[in-house]
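**Student:** Quick check, what structure comes out for this input:
(2 chains)
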There are 2 protein chains.
Amino acid sequence: MDKRIAIVGGGVGGLHLGLYLLQHGIPVTIHTDRRPEELATGRLLNTVAHHAVTLAREAQLGVDHWPTEDFGYYCHYHHFGGEQPLFFRGDFAAPSRAVDYRVYLPRLMADFAERGGRLQYGELKADDVARLAQEADLVVVCTGKGPLGRMFAHDPAHSPYDRPQRLLCVGLYAGVAEEATRSVTLSVSPGHGELIDIPTLTAGGMAHALLMENVPGGDLEQLPRLRYEDGPRRFLDTLLAKLEQHHPTVARRIDPSAFDLANGPGDLLQGGVTPTVRRTHVPLGDGKFALALGDVHAVVDPLCGQGANLASYAAFVLGEEIVRQSVYDERFCEQVDARRCDRVLGAVRWTNLFLAPPAPELQQVIGTMSQDRAMCDEFTDNFNRPEAQWDRLASPQRMRAWLAEREAARA
Amino acid sequence: MDKRIAIVGGGVGGLHLGLYLLQHGIPVTIHTDRRPEELATGRLLNTVAHHAVTLAREAQLGVDHWPTEDFGYYCHYHHFGGEQPLFFRGDFAAPSRAVDYRVYLPRLMADFAERGGRLQYGELKADDVARLAQEADLVVVCTGKGPLGRMFAHDPAHSPYDRPQRLLCVGLYAGVAEEATRSVTLSVSPGHGELIDIPTLTAGGMAHALLMENVPGGDLEQLPRLRYEDGPRRFLDTLLAKLEQHHPTVARRIDPSAFDLANGPGDLLQGGVTPTVRRTHVPLGDGKFALALGDVHAVVDPLCGQGANLASYAAFVLGEEIVRQSVYDERFCEQVDARRCDRVLGAVRWTNLFLAPPAPELQQVIGTMSQDRAMCDEFTDNFNRPEAQWDRLASPQRMRAWLAEREAARA
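**Tutor:** Okay, here's the model as predicted:
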């Protein structure tokens, strides 16, 4: 009996799942309202790094078009401002890599179509849901937009916030030099926010995503409302001044005369997300279910760079279970969720922890990491395994135990 | 740093955990209000078979005192009454075994004490909880009695019932012959209840536990209120008449002249349990937690013989995690629960499904099993793996898929 899978949403989760299923001989349709050419020429979608675990999945899918030898980065530099600034480094065991999704998604859509995947364009209406459910054995929902996305209720147990915790101002910039080793810089200006500087492949070549995570009420909170179109020079000068004040280790790598959005005004994205976990599945009648994947399941603030990696991870878990099983009932949804939830919730909790002012134990972890390279390497490589990160950070006792373990290792 | 573990409750869960921890060099105290000599001379505690997975854990603990070569049983005989009675057999891959807990628990308590485990006798009072929490890093609660047991609230999502679904009348009897192969018989009298006949080692040698699961409102509902002490002959004659009418394949093996409680009036237990799942852990303050194990976590009706096996399984999961980890915070409780919940909930749901009138698909599964030995063997051996049983039975679609798979296998 053919397995009939409908995917609603053409982001990284939907595409990785679609490609996985095609690779395993399962026909699949992706429903999306965005054609590849619209994506390619539209506004910046996000800024997102794929860590080694995600790159390994791309290799498995045969969509590793952007080798890390050319485009990857190898470590995190951390800057913590304040009276006694800290600047230190942690290495990945294997490199990460960031590609502008206006390049990435259209290329994977082409791969998907070339391999026989069906892309169905158009916005779904409320009365399309019943038809979808009838035609498919399982409906996977990867976009919060539209009537299906709205069916997934909040899970209050894992959704502590009712509004964005950071006001985001993110752009792809030219004029930013690299550190000696190509790297992401995570810069913290206590009380004001964070800057994540990500070397990113764009349609116009390598550029730097400067993801500014600004604390509401802090000194940078106006940035998300500062309009580039109203005066590029004023925008850039304001940004440069704020970067010098709050994120000096990134600012010192900027050549002001070359500093600008890399490929024009579309390279800027301003806004904010409310971290939210939703119910994992909803019944569609007749024993069929819609299952949430990626952002529909869990929206994380981009601070820790987990969203896309989670969506890809969960897509593979789901793909493996679709291949292994043949009945897509509530038990199936529960089993998928049991396999993915530790990583997904690990990322949710770790990110939410880092959005809050740091507890004394976390401050001590950061201070110790600045002197203990092996500890910082572990923290850095755990961007691949958010559940392992959470194993270290989940409680004051755990952080104290980690510190004691490191002290013993150094002795 | 020493790990300090307090176990409250001296049943199979607490003892298996305690023995596991001692085996791994972790000192442990079991708090119980029942001394071994009180258990040994008291009323029947339950009737419970240990399946092969539990026997393997006993071997690992070095408490396999009752070899299956002498005391084990090898298969299930099923009888379904009605207009067209069914009688069929399913085999275990490896034998199960039942020992009267008045023999079993005192022997394991002696093992525990001999190996350096501390048994602390007495009833815990409300103000003992704070002291326990202070002296231990983790408090494991294996008895619903007392102030700790009451801290674990119902989990309504997995507790569909608010009263017992069967009125139980269970005794250890002499005068019951074996089938050709030593076996448990599962006999169903539709609308009236079930009889589970379990060959059981007692203090006086082998006897048969006749566990009568009587449907409220059915023809056998008065059995749990029929008093043996008021007139043994009347009790036995009533029971014999009901067995002949409702459970003929067991009745035909009974010699009425020898039929009686095996070792006296204490061999009878009458009552009922409300199937209940409870919250898995509660905070005790100072970052410490009490974790529910066994019956405190999930009470199942004895119909499918899962309670003791679940408690032993969960004790090993918990023991492994106590050994592996060193911080017993909420994350720890969550990880223990994530590992054990599929099996525990599998048993809960499967048992609850069998307490309800069977849906058409389940009737078809039973009918097909009566003709398909391999299918019935799978069902039988899955008494070792309730989550796998639930994978087969969780929805009408799954049961239909199983039937189709068997049809294809037979073709």
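
**Student:** contacts, neighbours, all on C-alpha from now
**Tutor:** Will do.

**Student:** I'd say A:L44 and A:P265 touch.
**Tutor:** No: A:L44 lies out of contact with A:P265 (CA atoms under 8 Å); the separation is 9.4 Å.

**Student:** more neighbours, these two?
**Tutor:** Neighbours per residue (other CA atoms under 10 Å in any protein chain shown) separate A:L44 from A:P265, with A:L44 holding more: 20 against 17.

**Student:** Quick one: residues contacting that one.
**Tutor:** Shown in contact with A:L44 (CA atoms under 8 Å, 6 or more residues apart in numbering or on different chains): A:100-102, A:171, A:266-269.

**Student:** Equivalent analysis for A:L132, please.
**Tutor:** By CA under 8 Å, 6+ apart, the contact list for A:L132 reads A:6, A:139.

**Student:** Doesn't it lie inside a helix?
**Tutor:** Yes: with DSSP: H, G, I helix; E, B strand; the rest coil as the criterion, A:L132 is part of a helix.

**Student:** Spatially, what comes nearest to the one residue in the stretch 51-200 of chain A that gets nearest to chain B if we skip its sequence neighbours?
**Tutor:** With CA to the nearest CA as the measure, A:D137 is the residue of the stretch 51-200 of chain A nearest to chain B, at 11.3 Å. Once flanking residues are discounted, A:D137 sits nearest to A:R4: 5.2 Å by CA to CA, 6 or more residues apart in numbering or on different chains.

**Student:** Check A:T202 too.
**Tutor:** Taking CA to CA, 6+ apart, and ignoring the residues beside it in sequence, A:T202 has A:D100 as its nearest neighbour in space, at 5.1 Å.

**Student:** returning to that earlier point: now that the residue of the stretch 51-200 of chain A closest to chain B has come up, it's in contact with A:Y328, right?
**Tutor:** Yes: with contacts counted by CA under 8 Å, A:D137 reaches A:Y328, the gap being 6.7 Å.

**Student:** A:A209 is in what secondary structure piece?
**Tutor:** For A:A209, the host element (DSSP states H and E) is strand A:205-214.

**Student:** Tell me the helices and strands packed up against that strand.
**Tutor:** In this structure, strand A:205-214 packs against strand A:167-174, strand A:193-202, with contacts taken as 3 or more CA pairs under 8 Å, 6 or more residues apart in numbering or on different chains; DSSP states H and E.

**Student:** Turn those into TSV, including distance to B:L19.
**Tutor:** Below are these laid out as TSV (distance: least, CA to CA, whole Å):
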stretch	distance to B:L19
strand A:167-174	54
strand A:193-202	51
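
**Student:** element containing A:L55, please.
**Tutor:** Here A:L55 is assigned to helix A:52-61, by DSSP H and E.

**Student:** and A:R227, how many neighbours?
**Tutor:** Number of residues near A:R227 (other CA under 10 Å) recorded here: 14.

**Student:** from memory it sits against A:R233, does it?
**Tutor:** No: using CA under 8 Å as the test, A:R227 is too far from A:R233 to be in contact (10.7 Å).

**Student:** how's chain A carved up into domains?
**Tutor:** Using automatic domain parsing, the domain ranges for chain A come out as A:5-48+A:99-161+A:275-354, A:167-272, A:358-410.

**Student:** how about these, which one is nearest B:Q364?
**Tutor:** With CA to CA, the closest approach to B:Q364 among those belongs to domain A:5-48+A:99-161+A:275-354: 18.0 Å.

**Student:** starting at the chain centroid, how far to that closest one?
**Tutor:** Chain-centre distance of domain A:5-48+A:99-161+A:275-354: 14 Å, with CA atoms, centre = their mean, to the nearest Å.

**Student:** What ranges in chain A fall below the confidence cut-off?
**Tutor:** When residues are selected by pLDDT under 70, those of chain A lie in A:1.

**Student:** need the longest helix for it.
**Tutor:** Longest helix of chain A, by residue count under DSSP state H: helix A:330-355.

**Student:** Report the inter-axis angle for that one versus strand A:205-214.
**Tutor:** When axes from the mean of the first three to the mean of the last three CA atoms, to 10 degrees is applied, the directions of helix A:330-355 and strand A:205-214 differ by 80 degrees.

**Student:** Moving C-terminal from helix A:330-355, which element do we reach first?
**Tutor:** Where DSSP H and E defines the elements, the next helix or strand beyond helix A:330-355 is helix A:360-369.

**Student:** tell me which residues of that next one are tucked away?
**Tutor:** Neighbour counts over helix A:360-369 (16 or more other CA atoms under 10 Å in any protein chain shown) mark A:361-362, A:365-366, A:368-369 as buried.

**Student:** How about stretch A:203-216?
**Tutor:** Neighbour counts over stretch A:203-216 (16+ other CA under 10 Å) mark A:203, A:206-216 as buried.

**Student:** And the contacts of that stretch?
**Tutor:** A:47, A:71, A:100, A:102-103, A:165-174, A:176, A:191-201, A:220-221, A:223, A:262-263, A:303.

**Student:** The same query, at a cut-off of 6 Å, please.
**Tutor:** Stretch A:203-216 is contacted from outside by A:166-174, A:192-200, A:220-221, using CA atoms under 6 Å, 6 or more residues apart in numbering or on different chains.

**Student:** Could I have the buried ones of these as ChimeraX selection syntax?
**Tutor:** Written as a ChimeraX command, the selection of buried residues from the contacts of stretch A:203-216, which uses 16+ other CA under 10 Å, is:
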select /A:166,167,168,169,170,171,172,173,174,192,193,194,195,196,197,198,199,200,220,221
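
**Student:** follow-up on the earlier one: for the domains of chain A, which one sits closest to B:A338?
**Tutor:** Between the domains of chain A, domain A:5-48+A:99-161+A:275-354 lies closest to B:A338; by CA to CA that is 7.8 Å.

**Student:** The longest helix of chain A vs chain B: in contact?
**Tutor:** No: figure legend: helix A:330-355 not in contact with chain B (CA under 6 Å from any CA of the partner chain); closest approach 6.5 Å.

**Student:** Specify the local secondary structure of A:L403.
**Tutor:** A:L403 ends up helix, using three-state DSSP.

**Student:** Excluding chain neighbours, give the residue nearest to it in space.
**Tutor:** Among residues not flanking A:L403 along the chain, A:V365 sits closest, at 6.7 Å (CA to CA, 6+ apart).

**Student:** Can you give me the distance of that neighbour to chain B?
**Tutor:** 17 Å (CA to the nearest CA, to the nearest Å).

**Student:** what sits against the most centrally placed residue in chain A?
**Tutor:** Nearest residue to the geometric centre of chain A (CA atoms, centre = their mean): A:G307, 2.8 Å. Contacts here follow CA under 6 Å, 6+ apart; on that basis A:G307 touches nothing.

**Student:** go on, A:R349?
**Tutor:** With contacts defined as CA under 6 Å, 6+ apart, A:R349 has no neighbours.

**Student:** what do you get for A:R340?
**Tutor:** A:R340 makes contacts with A:A314, as judged by CA under 6 Å, 6+ apart.

**Student:** Go again with 8 Å.
**Tutor:** Applying CA under 8 Å, 6+ apart, the residues near A:R340 are A:313-314, A:317.

**Student:** What is the neighbour count of A:K125?
**Tutor:** A:K125 has 10 neighbours, counted by other CA under 10 Å.

**Student:** now it: how far from A:L239?
**Tutor:** Distance check for A:K125 against A:L239: by CA to CA, to the nearest Å, it reads 41 Å.

**Student:** What of A:D295?
**Tutor:** A:D295 sits 29 Å away from A:L239, going by CA to CA.

**Student:** Compare these two (neighbour count), which wins?
**Tutor:** A:D295 (23 against 18).

**Student:** Confirm that that one sits in a helix.
**Tutor:** Yes: assigned with three-state DSSP, A:D295 falls within a helix.
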